[in-house]
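Participant: Make a model of this:
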Amino acid sequence: MKSAVVLLAVALLLPAAGQFSNRRAPGFSLADSKFRQHDPQDYRGKVLIVDIMLTTCPTCSQLADTLVRVHQKYGDKVGIISVVTLPDTFAEADAFALKHGIAWPIVFDSGQMIASYLEVTPSNPQVHFPHLFVIDAQGMIRNDYEGTDDKALTVDGLSGVLDHLLSPGTKL
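Facilitator: This is a model prediction of the structure:
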């Protein structure tokens, strides 16, 4: 039975691991609308979800509601940081957070952080919203999801990954 659970957990992780997985998460320090800085290092030792989004994106809005439920389920065991860029403004991000009941920081990027996470280059110039990264307690990107990954971007889909990463002795 235990072997079946481990195999299921690994199977849940493997299909969801996208092209940006299994590398050290790039560092950043970005401000929220109150000009407080947020940094992935603040979450070292915890699992962290980095959500790259736009406030006008319908899929981002659905994902925000899912992340609210994930946040309610896991509390302080899992950190979440949402990242927006232009054309979003501080006021739009604050209104989005209020509308969806977001209790974690929404930070602003001029494009450099997003480009770093998505490995944007002249040969890979596209950025799609939303994009979600799951970073383990050691700071490694273990999963990434583009907003079209409907099955993975549910409370149940994310819970399978988070439960695995939060279980004692997990080594990937």
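Participant: number of nearby residues for D163?
Facilitator: Burial of D163 is recorded as 14 neighbouring residues (other CB atoms under 10 Å). Using the backbone N, CA and C atoms, a C-beta is placed for each residue, glycine as well.
Participant: no no, T154
Facilitator: Under the neighbour criterion other CB under 10 Å, T154 is assigned a count of 16.
Participant: State the distance from it to V84.
Facilitator: 22 Å (CB to CB, to the nearest Å).
Participant: and what of M53?
Facilitator: 6 Å.
Participant: tell me the contacts of S61?
Facilitator: In this structure, S61 makes contact with T55, F96, H100, judged by CB atoms under 8 Å, 6 or more residues apart in numbering.
Participant: Make JSON lines from those residues and add pLDDT, distance to A31 and secondary structure to it.
Facilitator: Conversion of the contacts of S61 to JSON lines gives the following (pLDDT from 0 to 100; distance: CB to CB, whole Å; DSSP: H, G, I helix; E, B strand; the rest coil):
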{"residue": "T55", "pLDDT": "96", "distance to A31": "16", "secondary structure": "coil"}
{"residue": "F96", "pLDDT": "98", "distance to A31": "16", "secondary structure": "helix"}
{"residue": "H100", "pLDDT": "97", "distance to A31": "20", "secondary structure": "helix"}
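Participant: What about these, which one has the most neighbours?
Facilitator: T55 (23 neighbours).
Participant: In this structure that residue contacts D94, no?
Facilitator: No - the pair formed by T55 and D94 falls short of the contact definition of CB atoms under 8 Å, at 9.6 Å.
Participant: which SS class is V50?
Facilitator: Three-state secondary structure (criterion: DSSP: H, G, I helix; E, B strand; the rest coil) places V50 in strand.
Participant: That one: neighbouring residues, count only.
Facilitator: Neighbours of V50 using other CB under 10 Å come to 25.
Participant: Please apply the same query to the one 3 residues further on.
Facilitator: Residues within reach of M53, counting by other CB under 10 Å, total 25.
Participant: and it, how far is that from A137?
Facilitator: With the distance defined as CB to CB, M53 ends up 24 Å from A137.
Participant: Nothing else from me, thank you.
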